[in-house]
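A.B. asks: Sequence first, predicted coordinates after that:
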Amino acid sequence: MRCYWVVLVLLVLDVVLATSSPTPVNNYQVLAGHQIWRAEGGSEVAAVMGRLEEEGLVDILGHSIASTFRVFPGTKDSVSTSLQREGIKYHVVVPDLGRHLAEEERRVKREILSSQGETCFENDCPKPLTQRYMTYVEIAWYLHELAAKSPRVELKSIGKTFENRDIWLVHIKPTAKEGTKKRDAIWMEGGIHAREWISEAVTLQLLDKLASDDTTLTRNIDIYCVPIANPDGYEYSRNTDRLWRKNRAIDPSMERDCTGVDLNRNWSTGYGVGASTNPCSEVYQGSAPFSELETRALKKEMTRVSSVNNLRLVMAVHSFGQKLYHPWGFTKKEAPNTAEMKKAGLAFAQAAAKGSRGRKGAQYEVTSSSELYLASGATDDWAKATLDVPYAYTLELPDEGLHGFVLPSNFIKPAAQDVWRGMKKLIPMVLNK
Ligand code: 0X9
Ligand code: ZN
């Protein structure tokens, strides 16, 4: 996540595989000439960086005692001039991101080829993979197989993307159908930001666990999950531009030739705050609230679910930074039910940190989104404001910034184990007593 952590940038990459197909080929040429810079300083520097990002001049990768950000080939001079004018010192961390990522990919490929393989083929994709990040098609194969083999699981497409991919919704039904009352439900969203691959990977691991759970945890609740909310962006990040964040929609009425909307700035709540009206910015809010196919599909289905169920929890899974954020993100004001959200969030964090089999778990900090920076148009705030969901969160998965968005796939397993332990504590706490 774009966060207050030490971000020593990135970069170990594994688009590459152990055994199974298909092999994504990321065209790192697209990132040739892009650079990663770091500017020393606290919130004053973060504020300047925020302005530069809104102008589309930089892509912020993280804030801590320094800000780390990507500078585009055509914006180096303007960014350098602006920073000098503001008296902000900076240095270049990665001089050519394209070449750097390609070198890292080659190195990781050699490592992965020597590791044990998992399989995922059409009609035979029994488990979500942990040794490498799955493609969109593989994710769809796995979801279909899960629905085919489990009577509890229903799979449906809730809409199509700009590039005509299905947005898949998984519904895990309760094992015991008790009473006639509206049942409690939880909603999980993965992958709304294209470059946060660990989000899909961990969400799929959770789905797999929840679908086969035979404990009281899931006995009487409905679980809804969209594990890959931005399929076009994800594929674009895999195949073309590893650091792509937005969707891939093209607005024909646009004068400037820039693609994509930040789907986590496109919901209506607080629309515009901490977002950009510049289509070239990474945090472009879109032409209007819900201008995008993906946010419209999510909104429609979440609204439907909240009318047939008691929607108790919305968990939007992102990366990176190891934080569990609760609303609001668009204002410093306190959201309803904050004390309870904090309490349940701390129980999640405590369980996650316990670790397993001698391994220490990840430490998650529980805090309000507005502690980070004001940002509007996000899923969690909308769910809280519009659907009155008592527990809404954004979960920023590992790491704390060393690899950032380009997290090696050996993080999938431990991250999923930690989050699963956390969820087992959190879910009972959010349900109606
Ligand atoms: O900025 C975001 O959309 C999220 N961070 S990320 O690095 N994954 O992009 C944080 C969203 C927090 N929630 C709200 N601002 N409501
Ligand atoms: Zn995100």
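C.D. replies: Right, received. Where do you want to start? Ligands and ions are numbered 1, 2, ... in the order given.
A.B. asks: Can you report how many residues lie near residue 377?
C.D. replies: 29 (other Cβ atoms under 10 Å). All C-beta spots, glycine's among them, are computed from the backbone N, C-alpha and C.
A.B. asks: you'd agree it is up against residue 289?
C.D. replies: Yes - Residue 377 is in contact with residue 289 according to Cβ atoms under 8 Å; the separation is 7.1 Å.
A.B. asks: Can you give me the buried ones in the longest helix along the chain?
C.D. replies: When the chain is parsed with DSSP state H, its longest helix is helix 412-430. Neighbour counts over helix 412-430 (16 or more other Cβ atoms under 10 Å) mark 412, 414-427, 429-430 as buried.
A.B. asks: same for it, what does it pack against?
C.D. replies: Using 3 or more Cβ pairs under 8 Å, 6 or more residues apart in numbering; DSSP states H and E, the elements in contact with helix 412-430 are helix 197-211, strand 310-319, helix 338-354, strand 391-397.
A.B. asks: Report the mean per-residue pLDDT for that helix.
C.D. replies: Helix 412-430 comes out with an average pLDDT of 98.
A.B. asks: which ones are touching whatever residue of the stretch 301-433 of the chain ends up closest to ligand 1?
C.D. replies: Ligand 1 sits closest to residue 329 of the stretch 301-433 of the chain, with a gap of 2.2 Å, by Cβ to the nearest ligand atom. Residue 329 makes contact with 270, 274, 368-370, 372, 374-376, 378, 380-381, 394 under the criterion Cβ atoms under 8 Å, 6 or more residues apart in numbering.
A.B. asks: buried stuff in stretch 329-341?
C.D. replies: In stretch 329-341, the ones that count as buried by 16+ other Cβ under 10 Å are 329, 330, 331, 335, 337, 341.
A.B. asks: rewinding a little: mutual contacts of residue 377 and residue 289, please.
C.D. replies: Residues touching both residue 377 and residue 289 (Cβ under 8 Å, 6+ apart) are 266, 267, 268, 271.
A.B. asks: Residue 285 is in contact with the first one, correct?
C.D. replies: Yes - assessed by Cβ under 8 Å, residue 266 is found in contact with residue 285 at 6.1 Å.
A.B. asks: Would you check that residue 350 makes contact with residue 429?
C.D. replies: No - Residue 350 is beyond contact range of residue 429, at 11.7 Å (criterion: Cβ under 8 Å).
A.B. asks: For the nearest residue to residue 309 once chain neighbours are set aside, what is the enclosing helix or strand?
C.D. replies: Distance criterion Cβ to Cβ, 6 or more residues apart in numbering; nearest residue to residue 309, sequence neighbours excluded, is residue 185 at 3.6 Å. According to DSSP states H and E, residue 185 maps onto strand 184-190.
A.B. asks: Okay, angle between that strand and strand 310-319 too, please.
C.D. replies: Inter-element angle recorded for strand 184-190 and strand 310-319: 20 degrees (by axes from the mean of the first three to the mean of the last three Cα atoms, to 10 degrees).
A.B. asks: so what does strand 184-190 touch, helix or strand wise?
C.D. replies: Identification of packing neighbours for strand 184-190 by 3+ Cβ pairs under 8 Å, 6+ apart yields helix 197-211, strand 222-226, helix 293-308, strand 310-319.
A.B. asks: Would you mind pulling the contact partners of that strand?
C.D. replies: Applying Cβ under 8 Å, 6+ apart, the contact partners of strand 184-190 are 199-200, 202-204, 206-207, 220-229, 298, 302, 305-306, 309-317, 379, 383, 389, 427, 430-432.
A.B. asks: ok, it: who's next to it in the sheet?
C.D. replies: Note on strand 184-190: by DSSP bridges, its sheet partners are strand 222-226 (parallel), strand 310-319 (parallel).
A.B. asks: May I have the first one as PDB, with CA atoms only?
C.D. replies: The C-alpha coordinates for strand 222-226 follow below in PDB (Å, rounded to 0.1, in the frame of the first residue of the first chain):
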ATOM      1  CA  ASP A 222     -23.500 -16.500   3.700                       C
ATOM      2  CA  ILE A 223     -20.100 -15.700   2.300                       C
ATOM      3  CA  TYR A 224     -19.800 -13.600  -0.900                       C
ATOM      4  CA  CYS A 225     -16.400 -13.000  -2.500                       C
ATOM      5  CA  VAL A 226     -15.200 -11.300  -5.700                       C
END
